[in-house]
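Participant: Structure, please.
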Amino acid sequence: MPVEQITDPDDVRIADYRALTDVELRTRWEPPHGLFIAEGELVLRRALRAGYPPRSFLVDAKRVDQLGDLDTGDAPVYAATPQVLQEATGFHVHRGVLASFHRKPLPTAAEVLAGARRAVILEDVNNHTNLGAIFRAVAALGIDAVLLSPSCADPLYRRSVRVSMGEVFAVPYARLEPWPAGLTQVQAAGFTVLALTPAPDAVPIQTLTAAQRARAALLMGAEGAGLTAAAMAASDVRVVIPMRRGVDSLNVAAATAVAAWELGRDDPV
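Facilitator: Numbers count the residues shown, from 1 in each chain. Below you'll find the model as predicted:
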């Protein structure tokens, strides 16, 4: 595996990695250029296994040997000191391994739903940490697809990918448009749309019927604001996770995990 040394943080060869902590800049740069950044060896390897083509690798010079078994193909491997890495990226790269990958074309909502038994639908979830935690939870708890409203954050943003531990590569996802009218596509595909809400008229999730559980799509809203009235009106059933000690709600990632576990609790593991 040939390695090219980088000594200048402004070297054009590592332009993909510049200012990784600037969310606005990265949002403008990454999707239009068809790329995303993976941080950490575990995440990098999962991206490769999922078939994402690498553009390049950027590694702490002391950690080059960690990637010695990888088939990097035509993608160059760059090595630099921790100081150069920090100056280029804008943060201390404590995992010591970064990679730039080409994105794949997103499937349509219909394609994602075609092979799914259960799905999660997210409205306005624009916090990258929450989004990554949701993908990690749904990968573990039997959800087969994720649909995103147009205003949701990018699942392939570096922080989302890192928090998901690379599980964002394991769960098919698509954008659902128009919103919320696109929910009719989900219902037409045979799913019952379950809107998670603390509303007093909501049905406790553990009391759902077998028919409501059979092909369920959990509809989750943004942290704090929850689901919009329009999305709620387009759902089939309002569902609540019963709370104790006067707590009215959970973090959206935690709520998604609890609801997904409840729907799949009788599934064989």
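Participant: do you know how far Thr108 is from Tyr173?
Facilitator: To Tyr173, Thr108 is 11 Å away according to C-beta to C-beta, to the nearest Å. Bear in mind the C-beta positions are built from the backbone N, C-alpha and C, glycine included.
Participant: and what of Leu147?
Facilitator: When C-beta to C-beta is applied, the distance between Leu147 and Tyr173 equals 7 Å.
Participant: more neighbours, those two?
Facilitator: With neighbours defined as other C-beta atoms under 10 Å, Leu147 and Tyr173 compare such that Leu147 has more, 27 against 22.
Participant: Strand partners (parallel or antiparallel) of the host helix or strand of the more buried one?
Facilitator: Element membership for Leu147 (DSSP states H and E) is strand 145-148. Note on strand 145-148: by DSSP bridges, its sheet partners are strand 119-122 (parallel), strand 173-175 (parallel).
Participant: residues in contact with it?
Facilitator: Under the contact criterion C-beta atoms under 8 Å, 6 or more residues apart in numbering, strand 145-148 has outside partners 109, 112-113, 115-116, 118-122, 125, 134-135, 138, 155, 171-176, 186, 217.
Participant: What subset of the residues you listed is buried?
Facilitator: Judged by neighbour count, with 16 or more other C-beta atoms under 10 Å as the criterion, the buried members of the contacts of strand 145-148 are 109, 112-113, 116, 118-122, 125, 134-135, 138, 155, 171-176, 186, 217.
Participant: if I look at Leu147 and Tyr173, which residues touch both of them?
Facilitator: When contacts are counted by C-beta under 8 Å, 6+ apart, Leu147 and Tyr173 have Val112 as shared neighbours.
Participant: Could you check how far the closest residue to Asn127 other than its chain neighbours is from Gly115?
Facilitator: Distance criterion C-beta to C-beta, 6 or more residues apart in numbering; nearest residue to Asn127, sequence neighbours excluded, is Glu223 at 6.0 Å. Shown here: Glu223 relative to Gly115, a distance of 29 Å by C-beta to C-beta.
Participant: Repeat that for Thr27.
Facilitator: When C-beta to C-beta is the yardstick, Thr27 and Gly115 sit 30 Å from each other.
Participant: Same check on Thr228?
Facilitator: Note on Thr228: its distance to Gly115, by C-beta to C-beta, is 28 Å.
Participant: Check Pro204 too.
Facilitator: Here Pro204 is placed at a distance of 30 Å from Gly115 (C-beta to C-beta).
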